[in-house]
Each structure stands twice: as structure tokens, then as C-alpha cells.
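1. coords please:
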Amino acid sequence: MNRKAFTTLIVLFMVFIGLQFATAVSAAKIVDQGTKYSWDGQNGWTKSTWKTYQYRYSNGKINNNFIISYIKRYAKGDGKPDVKAGKYIFSFNERISIANVSANAVKITDWTNCELGPGTTVTYDKTKLTAARYYWRVYRPIVTAW
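-> Below is the predicted model of the structure:
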């Protein structure tokens with residue numbers, strides 16, 4: 001094999017590897033993110049941040065049948081001797097996934113590492129909405145009302 005053909009083959013191989021990485025990065029898409037500050041009567045001021053992802057099929061189309069939110073909860077450190085007053089300290093994580101299980105139902109899985117609640121809860125809701133539409137019409141108003 002001559003040197004020019006070998007160089008061309010190496011360049012094509014590197015381009016192919018680069019495209020593989022680019023495809024993997026674009027598999028998830030952030031569709032919603034935000035921060036909400038609220039007053040909790042028991043813990044004082046709390047902060048919630050969330051990011052919601054929607055995934056793509058291998059052909060590039062968006063998967064409307066599955067959506068997942070990652071939520072981080074913080075509490076203000078007032079009154080605690082080991083934390084500087086006014087700083088938010090991390091409390092717990094939460095992960096909520098909504099998936100279509102049939103044409104008339106969605107499955108909502110809520111996982112948390114909070115010490116006070118159950119680790120995972122699974123609920124089903126009868127609806128003709130896709131998981132993405134369920135998130136925007138039913139679940140999203142609840143997220144912003146914390």
C-alpha cells in the first residue's frame with residue numbers, strides 16, 4: 001500500500017471516530033431547566049434546581065415517550081453553627097422519569113435519596129398524552145409550584 005492511500009485511510013478513520021462521538025453527545029437534549037426559591041414552614045428558605053432531558057432515537061427523531069428530570073434540593077443554612085448564615089446547603093437529589101407504558105397510561109417513577117421519604121415510588125396515570133406532553137401539561141406546573 002502506498003503512503004498516500006495509507007494517509008487517506010487514517011484520515012477517514014479519524015473522521016469516522018469523530019462522527020461517533022458527535023452522535024453520542026447529541027443523544028440527549030435539555031428541554032427544561034430552572035431554579036425555584038420557596039419558603040418551607042419547617043426548613044425556612046429552600047432552593048430547587050432542575051434539568052429535564054429528552055432523548056433521541058438512533059435515526060435522530062425525538063422520543064416523546066420518555067422524559068427524565070434531575071432535581072437538586074437545597075436548604076438555607078440559617079441557624080446551623082457549622083454553616084455560614086445565608087448559604088444554601090445541599091439537602092437531597094431527586095430523579096423523576098415519565099414513560100409511556102401503553103396508549104392510555106404513563107408510568108411515573110420518582111427516586112430520591114432523602115432520608116425522610118421512601119427511596120422509590122412508582123405511580124401510573126391514565127392519559128392519552130405522550131410522556132413529553134404529560135410533563136408540560138400536568139407535571140411542569142407542579143414543579144414550578146414548589
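
2. list the contacts for residue 63?
-> Contacts were defined as Cβ atoms under 8 Å, 6 or more residues apart in numbering; by that measure residue 63 touches 54, 55, 56, 57. Placement of C-beta: from N, CA and C, glycine included.

3. Spatially, what comes nearest to the first one if we skip its sequence neighbours?
-> Using Cβ to Cβ, 6 or more residues apart in numbering and skipping the chain neighbours, the partner closest in space to residue 54 is residue 31 (4.8 Å).

4. One more: the last one?
-> In space, not counting the residues next to it along the chain, residue 57 is nearest to residue 63; the distance is 5.7 Å by Cβ to Cβ, 6+ apart.

5. one step back: and the residue nearest to residue 54, what helix or strand is that in?
-> strand 28-40 (DSSP states H and E).

6. how about the strands of the protein, start to end?
-> According to DSSP state E, the chain carries its strands in the segments 28-40, 44-56, 62-76, 88-102, 105-112, 120-126.

7. May I have the strands that pair with the shortest one, each with its orientation?
-> Using DSSP bridges, the neighbouring strands of strand 120-126 in the sheet come out as strand 105-112 (antiparallel).

8. before we move on, back to that, with distance to residue 17 and mean pLDDT as added columns, please give the strands of the chain in a markdown table.
-> As requested, those are exported to a markdown table (distance: least, Cβ to Cβ, whole Å; pLDDT from 0 to 100):
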| stretch | distance to residue 17 | mean pLDDT |
| --- | --- | --- |
| strand 28-40 | 20 | 86 |
| strand 44-56 | 20 | 88 |
| strand 62-76 | 26 | 88 |
| strand 88-102 | 31 | 90 |
| strand 105-112 | 35 | 91 |
| strand 120-126 | 38 | 92 |
